[in-house]
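Participant: Any chance you can model this:
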Amino acid sequence: MRKFFALVALLGFTSVVCGQGFTLKMNSSGVTFDSIYLQRFDGHRDFQNILSAPFRSQTTLKQKKTLPEGYYQVSGDDQYLFPLLISNEKEENFTVTLRAKGEVFFENNDENNQHLAFERQIAQYEQEIDSIENIYIQASHTLPQNMLRTLADSLMMKEKVILENADAYKLRIAAENKGKLLSNIAKFSRRIKSPSQYVQSQKYIFQYYTQHLFDYYSFDDPRMAFYPKVSDKILEFSKIILQMQAPDDTLAIQQLLHKAQQSPEIYTVFFDKIEKIFGTLSSPLWNEEIYLCMLNNALQYEKLPAERQARYKSLYAIHQKNREGSLVPDFQILWADSTKSSLYDIESEYLILYFQNPDCPSCTELREKIALNEDLNRAIDEGKIKLVTIYFETDEALWKRYLQNKANPRYMHGWDFQHTIEEQQLYDLRVIPYLFLLDKDKRVIKKDLQGDEISDYLRRLNLL
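Facilitator: Down below sits the predicted model:
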């Protein structure tokens, strides 16, 4: 009988703990809004609304289910009001006072009060650094060089003291809040050490920053996954990657993603952010080699959800197609003069293979752009290269209208009349127009050739 009552008591306690849900009571004075929103960062650049309520002098945001631990913010209409840290899923009952001039006080959560004080103090340190830099900038317009050097030495000493004080403060806040989200936020805000001033190698400097940029980030804390400043740091990392050469760029990406594998939540945020920059076809910074490296890393991470594993496996197979140095697949072509042949029947030292839909706006725009490229026109006229447009969809009437009204007489124009390109997925044509630069054996020299790259490649191949 005792065991029965003990079990009932335990179940009752569990239901209280697990069912307490989330509550934020906000008492306001001197401010007014239409609505109050609780928001969570989406991992990229925006905050998404989680809960909302009409504004009152006493407004309550609540739900029966607890919220995931992490970083949130509260907004009044479109105005940011204050951050909210949830470090413990069992402690999600908050009461906060909001006054005019942005004064915020949590009545029952010291961590959030410390976080507000932390943000104010860090902002003060940053203002002091900016003030020092402004003094130097203004002095550089008036002081002679010898006096400017003396001033610079003095200002650098002051800046060093401020940075040391800031770092000591961050370490203290981290230690005082051990185990809480604020502790890892404070650690992450620390500045990494600069590389040695005696190192002149740009390659080394890039490698140093990509290796150390996340030295103070807690990869094992899922609560840090949606901390907004992580997104800024990933963007900073990506800008450095843009300046690196292969294989240093892919190695740096692989090292960072390997660190992120300590937490599936953090890994997906890091992967999604970097994928948006380097792995999205519509991104101007799309880089297939970097993306293949990312996909390979993801496929070796066993903790990812099955649906992500399946998507990455499919994308990896797609991006492995038609890589530089490989032979492209052959297919049958119907030509403008009604004759037929295969792609491999075309004889030319070099070939630009241009997949398109005649009526798609971006295809039309690119056709008009390259038609004005005198370097390409001259190379075609001199027989050094051929450009072949390929329509690979099913509307024969559309293709024939294109031949009559839009086809450039300098180019060869064909139709995949057997529809093997799409049916057998011979090429990765999720986005068109898509250009390949091929050699005489139909081996890929450049995949996804851009219109403004054509002249450069013609020079590399000594065709100009």
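
Participant: what residues are up against Phe118?
Facilitator: Taking C-beta atoms under 8 Å, 6 or more residues apart in numbering, we find Phe118 in contact with 173, 182, 185-186. (C-beta placed from N, C-alpha, C; glycine too.)

Participant: Share the number of residues neighbouring the residue lying closest to Val431 once chain neighbours are set aside, please.
Facilitator: Nearest residue to Val431, sequence neighbours excluded (C-beta to C-beta, 6 or more residues apart in numbering): Leu281, at 4.6 Å. Using other C-beta atoms under 10 Å, Leu281 has 13 neighbouring residues.

Participant: per-residue confidence for Leu281?
Facilitator: Per-residue confidence (pLDDT) for Leu281: 81.

Participant: Next: Ser362.
Facilitator: pLDDT for Ser362: 92.

Participant: going forward, begin numbering at 41 instead of 1
Facilitator: Sure, I'll start numbering at 41, so the last one becomes Ser402.

Participant: From the contacts of Phe158, pick the one nearest Tyr120.
Facilitator: Relative to Tyr120, the closest of those is Ile225; by C-beta to C-beta it sits at 17.0 Å.

Participant: I'd say that closest one and Tyr267 touch.
Facilitator: Yes. Ile225 is within contact range of Tyr267, at 6.5 Å (criterion: C-beta atoms under 8 Å).

Participant: who touches both of the two?
Facilitator: By C-beta under 8 Å, 6+ apart, Ile225 and Tyr267 have these common neighbours: Tyr111.

Participant: among the contacts of Phe158, which are in helices?
Facilitator: Among those, the residues falling in helices (DSSP state H) are 213, 222, 225-226.

Participant: quick revisit: with neighbour count, pLDDT and distance to Leu393 added, can I get the contacts of Phe158 in CSV?
Facilitator: Listed next are those as CSV, based on neighbours: other C-beta atoms under 10 Å; pLDDT from 0 to 100; distance: C-beta to C-beta, whole Å:
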residue, neighbour count, pLDDT, distance to Leu393
Ile213, 21, 97, 59
Leu222, 21, 98, 57
Ile225, 25, 98, 52
Ala226, 24, 98, 55
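
Participant: Identify the farthest-apart pair in those residues.
Facilitator: The distance between the two most remote of the contacts of Phe158 (C-beta to C-beta) is 8.6 Å, for Ile213 and Ile225.

Participant: where in the chain is pLDDT low?
Facilitator: For the chain, applying pLDDT under 70 flags the ranges 41-59, 237-239.

Participant: Give me the residue at the spatial middle of it.
Facilitator: The C-alpha lying nearest the average C-alpha coordinate of the chain belongs to Lys313 (C-alpha atoms, centre = their mean; 2.8 Å).

Participant: show me the contacts for that one.
Facilitator: Contacts for Lys313 were tallied using C-beta under 8 Å, 6+ apart; they are 83-84, 271, 274-275.

Participant: Which of the residues you listed fall in strands?
Facilitator: Judged by DSSP state E, strands contain none of these.

Participant: circling back: wait, doesn't the residue nearest to Val471 sit right on Ile472?
Facilitator: No. In this structure, Leu321 is not within contact of Ile472 by C-beta under 8 Å, at 10.4 Å.

Participant: Ends of stretch 227-244, what's the gap?
Facilitator: From its first residue to its last, stretch 227-244 covers 25 Å (C-alpha to C-alpha, to the nearest Å).

Participant: buried ones in that stretch?
Facilitator: Under the neighbour-count criterion of 16 or more other C-beta atoms under 10 Å, stretch 227-244 has 227-230 buried.

Participant: Pull out the buried residues from the helix or strand that Gln444 is a member of.
Facilitator: Using DSSP states H and E, the element containing Gln444 is helix 436-445. By neighbour count with 16+ other C-beta under 10 Å, helix 436-445 contains the buried residues 439, 442-443.

Participant: who does it touch, helix- and strand-wise?
Facilitator: strand 426-431, strand 452-455 (3 or more C-beta pairs under 8 Å, 6 or more residues apart in numbering; DSSP states H and E).

Participant: one more time with 7 Å, if that's ok
Facilitator: Applying 3 or more C-beta pairs under 7 Å, 6 or more residues apart in numbering; DSSP states H and E, we find helix 436-445 packed against no helix or strand.

Participant: Next, Leu64: phi, psi?
Facilitator: phi -130, psi 110 (degrees, to the nearest 10).

Participant: which ones are touching it?
Facilitator: 78, 101, 134, 136 (C-beta atoms under 7 Å, 6 or more residues apart in numbering).

Participant: any chance of those in TSV, plus neighbour count, distance to Ile162 and secondary structure?
Facilitator: Output for the contacts of Leu64, formatted as TSV (neighbours: other C-beta atoms under 10 Å; distance: C-beta to C-beta, whole Å; DSSP: H, G, I helix; E, B strand; the rest coil):
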residue	neighbour count	distance to Ile162	secondary structure
Leu78	22	24	strand
Leu101	19	27	strand
Phe134	20	23	strand
Val136	22	21	strand
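
Participant: what's the closest of the residues you listed to Lys299?
Facilitator: Leu78 (30.6 Å).

Participant: contacting residues for that closest one?
Facilitator: Leu78 touches 64, 90-91, 101, 112, 114, counting by C-beta under 7 Å, 6+ apart.

Participant: for those, which one is nearest Val368?
Facilitator: Among the contacts of Leu78, and counting by C-beta to C-beta, the member closest to Val368 is Ile90, at 48.7 Å.

Participant: Verify the stated contact: Lys343 with Pro304.
Facilitator: Yes. Here Lys343 reaches Pro304: they are 4.7 Å apart, a contact under C-beta atoms under 7 Å.
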